[in-house]
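J.: no sequence on hand, only this structure:
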Ligand SMILES: CC(C)(COP(=O)(O)OP(=O)(O)OC[C@H]1O[C@@H](n2cnc3c(N)ncnc32)[C@H](O)[C@@H]1OP(=O)(O)O)[C@@H](O)C(=O)NCCC(=O)NCCSC(=O)CCC(=O)O
Ligand SMILES: NC(=[NH2+])NCCC[C@H](N)C(=O)O
């Protein structure tokens, strides 16, 4: 069975492999073994010791319980912008009009801002390419919501996700070429790496702070504002189907869109509930529907998908599903129903 669990020291190799495979724009996992090991250690520490919305990242992995193979990651930072400013461009409107001359013009502008300060941020969603298209990506993405529903005191009252922006075949980004490049004379790949290595603030301080009129940017730069990387469309779709929306905030380097939602608007958080486990070897009835199910632990968090038919108080789990979740009869599990296509 596939399950999501917190990352452990033994998963260092997977993190490194993913950071190499993901390429530029996957800012949160830069290709640098030392930085990745620090992220891994901080995540282990966060599960064990942090109890409030602090600038710590919880990292999860997708594991095949039969083979022990790990094939993907996802993460959530409990609160961003509390130790260093967290920047976005907000797309606004400025009107220039002269009644006298009969001229009226609306211009779209980019405003540098810190509006998402203090939010929780979903990040680091990646499934190894040969495992895609079979439901693992959905499990990795949504498992975080059951964790957040179970441990709400650790997270903020707004959740965001910065979607990776568009890149050309040569790994360049037209928005960066049209704007950031003028202030740094550095390839997007390098600026992106510096950002992921914790230098985002240094870079941001060198970015223009005054509103930028979008129509003065090169057309290629304008065209990718709010556009996601083609490989990131499934990640975007997974969040939109959970209630996330684009509020006209984009990344200051590659103009990728940021999605946002309140926890109570996120379907898997708002609709999930806890029930008691009954272990039962009888196969579930044909009418059983796919559910996302997790245990209620923190550092021993486990989450999987299975067809079940819970009532208000209890759910019958096959022994292998209970083993996958590390739960026994009488324990509580948290569950929420999935779209029919997601849990096969
Ligand atoms: C994102 C994942 C993990 C998703 O895994 P899979 O590709 O297996 O997903 P899937 O199950 O096939 O599809 C998930 C949902 O997307 C839909 N879908 C598939 N292809 C699509 C496309 N081209 N355009 C729009 N929607 C698409 C499917 O119908 C399904 O929707 P339904 O469920 O509605 O049927 C993977 O694609 C990946 O590793 N991508 C490359 C890395 C990346 O760019 N990661 C995001 C970085 S941005 C980030 O990390 C922040 C966001 C975050 O952390 O969540
Ligand atoms: N616009 C961006 N490149 N933002 C960073 C997006 C990448 C993604 N959120 C990550 O976890 O790495």
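T.: Perfect, I can see it now. Because the structure is predicted, anything quoted here is derived from the model rather than measured. Numbers count the residues shown, from 1 in each chain. Ligands and ions are numbered 1, 2, ... in the order given.

J.: so what's residue 202 closest to, chain neighbours aside?
T.: Taking CB to CB, 6 or more residues apart in numbering as the measure, residue 202 lies nearest to residue 194, with 7.4 Å between them; neighbours along the chain are not counted. In short, each C-beta sits where N, CA and C put it, glycine included.

J.: are we agreed that the one you found is in a strand?
T.: No - according to DSSP: H, G, I helix; E, B strand; the rest coil, the state of residue 194 is helix, so it is not within a strand.

J.: what about it, how many neighbours?
T.: A count of neighbours around residue 194, defined by other CB atoms under 10 Å, yields 18.

J.: do you know the pLDDT at it?
T.: The pLDDT attached to residue 194 in the predicted structure is 80.

J.: how close does it sit to residue 204?
T.: 11 Å (CB to CB, to the nearest Å).

J.: same deal with residue 55?
T.: Here residue 55 is placed at a distance of 16 Å from residue 204 (CB to CB).

J.: go on, residue 323?
T.: Noted for residue 323: a distance of 47 Å to residue 204, by CB to CB.

J.: check residue 14 too.
T.: 30 Å.

J.: the more surrounded of those two?
T.: Counted by other CB under 10 Å, residue 14 and residue 204 do not tie: residue 14 has more neighbours, with 22 against 19.

J.: what helix or strand is the more buried one on?
T.: Element membership of residue 14 [criterion: DSSP states H and E] is helix 12-22.

J.: likewise residue 237?
T.: According to DSSP H and E, residue 237 maps onto helix 233-240.

J.: smallest gap between the stretch 51-200 of the chain and ligand 2, at which residue?
T.: Using CB to the nearest ligand atom, the single residue of the stretch 51-200 of the chain nearest to ligand 2 is residue 123, 3.4 Å away.

J.: spit out the contact partners of that residue.
T.: Counting by CB atoms under 8 Å, 6 or more residues apart in numbering, residue 123 makes contact with 28, 57, 74, 75, 76, 77, 161, 162.

J.: helix, strand or coil for the first one?
T.: It refers to residue 28. The three-state assignment at residue 28 reads coil, by three-state DSSP.

J.: that one reaches residue 75, doesn't it?
T.: Yes - when contacts are counted by CB atoms under 8 Å, residue 28 is listed as touching residue 75 (6.7 Å).

J.: so, in contact with ligand 2 or not, the helix or strand of the chain with the lowest mean pLDDT?
T.: Comparing helices and strands within the chain by mean pLDDT, DSSP states H and E singles out helix 200-206 as the least confident, with a mean of 72. No - residues of helix 200-206 contacting ligand 2 under CB under 6 Å from any ligand atom: none, with a closest distance of 9.9 Å.

J.: tell me which helix or strand comes right after that helix.
T.: In N-to-C order, the element after helix 200-206 by DSSP H and E is strand 212-213.

J.: so which residues on this structure come close to ligand 1?
T.: By CB under 6 Å from any ligand atom, the part of the chain that sits against ligand 1 consists of 22, 26, 74, 122-127, 132-133, 135-138, 140-141, 161, 163-164, 229, 231-235, 237-239, 241, 341-342.

J.: buried ones among the residues you listed?
T.: By neighbour count, with 16 or more other CB atoms under 10 Å, these hold 22, 26, 74, 122-127, 135-138, 140-141, 161, 163-164, 229, 231-232, 234-235, 238-239, 342 as buried.

J.: can you verify residue 34 is assigned to a helix?
T.: Yes - under three-state DSSP, residue 34 sits within a helix.

J.: neighbours around it, how many?
T.: Residues near residue 34, counting by other CB under 10 Å: 8.

J.: what's the spacing between it and residue 61?
T.: For residue 34, the distance to residue 61 under the criterion CB to CB works out to 20 Å.

J.: same deal with residue 243?
T.: As for residue 243, its distance to residue 61 is 25 Å (criterion: CB to CB).

J.: between the two, which is the more surrounded one?
T.: The residue with the greater number of neighbours, taking residue 243 and residue 61 and applying other CB under 10 Å, is residue 61; the counts read 22 against 18.

J.: find the nearest non-adjacent residue to that one, please.
T.: Computed as CB to CB, 6+ apart, the closest residue to residue 61 that is not its neighbour in sequence is residue 70, at 4.6 Å.
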